[in-house]
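Visitor: Quick one: sequence and predicted model below, then my questions.
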Amino acid sequence: MKRILISTVLVVAFILPSVAQEKEQKLKELEKLEEQTEEVIPPDTLTTVEMEVDTIIEDVWDDTSRIKIGDIVTVEDTDDETVIRIGKKAVKILEQGDHTEVRIFEDEFEESDDPAERRKSFDGHLGGIEIGYNNFTSGKWLRTETPVEGWLDLNTAKSTSFNIIFPPVSLGFTRHFGLVTALGVNFNNYGFDGNNTIVVDGESIVTPSYPADPIRFDKSKLATVYGILPVMLEVQIPVSYSSTINLGAGVTGAVKLGSHTKVVYHDDGKQKDKNRDDFNLNVLRYGVTARAGYEMVQVYGTCWLSPMFEKGRGPELYPFEIGLALTIND
């Protein structure tokens, strides 16, 4: 704009020399206006803003290195894959022999300094189903201090446990370590190996009961149902970006929901007798539990530290169970 004004003035001065003197005063006024305009409008400038970006290199695990560039970009490198995170997006580069695969996905595993975010990122392995075998000992911690009465011998193949664990509640202290708990239902079958069942006699003591000759029991068992509440600490050991080996241990409590005995035999045809009673079983019990596995598949064990029967009203036995768990996580 300034150049146009000046050019216009010069052209007018050359074309109309006769009126130069008349225009001289106007030219001075125009130049004064131009000076004022230059004071108000600063010249065009290019501003450079310098930003300091911190780069942090750290070893996360034995075979994993992490590079953090500022608060936005993170690069994790292992032997067989590289994960580049930019904000909430992530790129995974998998190398398997001569084959290279690139995946782009939403990054749900970004670790945060916010405790609420850490709680969301930690997902414990507890909810699902558990199938195993059970037995009991005459001492705590799986020790047999005195021989078990012969009528309490169990058929291991028919002494099974089945547990349903509802979706767990997880509290993460870090991305791979936290507390997990859940409600569940514990079904136990204690299959007797001898030709007997159990009853509560007139003195309220648990004793064996035998069938009249020549009847033989094809099947005899004690079945119990307990509501359970395990609480465990779990640590997850990453073996790849999305897979972990999981180790957990903690305590568990239970409350009795029901119990019965069942016998199957032949006497003028197949007969089934079921006797519903409490059999002097402890209503409340407590114990310890542990598990280890890879992703959804776990091996678990539970040892009850409270006696199976009420004190003085049945043999002193401590039940335990060992089995396989299939966890279902979000």
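Guide: Cool, got the structure. Residues are numbered from 1 along each chain as shown.

Visitor: tell me how far the ends of stretch 77-91 are from each other?
Guide: Counting by Cα to Cα, to the nearest Å, you get 12 Å between the two ends of stretch 77-91.

Visitor: nope, stretch 73-86 is what I meant
Guide: Termini of stretch 73-86 sit 5 Å apart (Cα to Cα).

Visitor: quick one: buried residues of that stretch?
Guide: Judged by neighbour count (16 or more other Cβ atoms under 10 Å), stretch 73-86 contains these buried residues: 74-78, 81-85. For every residue, glycine as well, the C-beta is placed using N, CA and C.

Visitor: All the strands of the stretch 101-250 of the chain, residue numbers only.
Guide: All strands of the stretch 101-250 of the chain, identified by DSSP state E, counting those that start in this stretch, fall at 128-137, 160-165, 169-174, 177-181, 184-191, 197-200, 206-209, 217-238, 244-266.

Visitor: what about the protein, any weak spots by pLDDT?
Guide: By pLDDT under 70, the low-scoring segments of the chain are 1-64, 70-72, 79-80, 87-88, 96-99, 103-120, 241, 329-330.

Visitor: ok, back up a step: okay if I get the buried residues of stretch 73-86 as TSV plus distance to Pro230 and secondary structure?
Guide: As requested, the buried residues of stretch 73-86 are exported to TSV (distance: Cβ to Cβ, whole Å; DSSP: H, G, I helix; E, B strand; the rest coil):
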residue	distance to Pro230	secondary structure
Thr74	35	strand
Val75	38	strand
Glu76	33	strand
Asp77	37	strand
Thr78	33	coil
Glu81	34	strand
Thr82	38	strand
Val83	33	strand
Ile84	38	strand
Arg85	34	strand
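
Visitor: just those residues now: which is nearest Gly202?
Guide: Distance ranking of the buried residues of stretch 73-86 against Gly202, using Cβ to Cβ, places Thr78 first at 69.2 Å.

Visitor: coming back round to it: out of the buried residues of stretch 73-86, which is nearest to Ser138?
Guide: Closest to Ser138 out of the buried residues of stretch 73-86 is Thr78 (49.7 Å), distances taken as Cβ to Cβ.

Visitor: separation between the closest one and Val251?
Guide: Noted for Thr78: a distance of 35 Å to Val251, by Cβ to Cβ, to the nearest Å.

Visitor: which strands and helices sit next to the helix or strand containing Pro319?
Guide: Using DSSP states H and E, Pro319 maps to strand 318-327. Helices and strands touching strand 318-327, by 3 or more Cβ pairs under 8 Å, 6 or more residues apart in numbering; DSSP states H and E, are strand 128-137, strand 160-165, strand 297-304.

Visitor: Tabulate the ones you listed (CSV), appending distance to Lys270 and mean neighbour count.
Guide: Formatted as CSV, the helices and strands packed on strand 318-327 follow (distance: least, Cβ to Cβ, whole Å; neighbours: other Cβ atoms under 10 Å):
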stretch, distance to Lys270, mean neighbour count
strand 128-137, 26, 19
strand 160-165, 22, 19
strand 297-304, 34, 19
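
Visitor: Kindly reformat these as TSV containing distance to Lys221.
Guide: Listed next are the helices and strands packed on strand 318-327 as TSV, based on distance: least, Cβ to Cβ, whole Å:
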stretch	distance to Lys221
strand 128-137	11
strand 160-165	10
strand 297-304	18
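
Visitor: Compare those and report which one is nearest to Gly314.
Guide: Using Cβ to Cβ, the nearest of the helices and strands packed on strand 318-327 to Gly314 is strand 128-137, at 11.3 Å.

Visitor: Would you map out the domains in the chain?
Guide: 55-106, 115-327 (automatic domain parsing).

Visitor: Contact partners for the closest residue to Gly323 other than its chain neighbours?
Guide: Of all residues not flanking Gly323 in the chain, Gly132 sits nearest, at 1.7 Å (Cβ to Cβ, 6 or more residues apart in numbering). Neighbouring residues of Gly132 by Cβ atoms under 8 Å, 6 or more residues apart in numbering: 160-161, 300, 321-324.

Visitor: same check, this time on Asn188
Guide: Residues near Asn188 by Cβ under 8 Å, 6+ apart: 134, 160-161, 223-226, 319, 321.

Visitor: farthest-separated two in the residues you listed?
Guide: Spanning the widest gap among the contacts of Asn188 are Thr160 and Tyr226, at 14.7 Å by Cβ to Cβ.

Visitor: Perfect, I'm done here.
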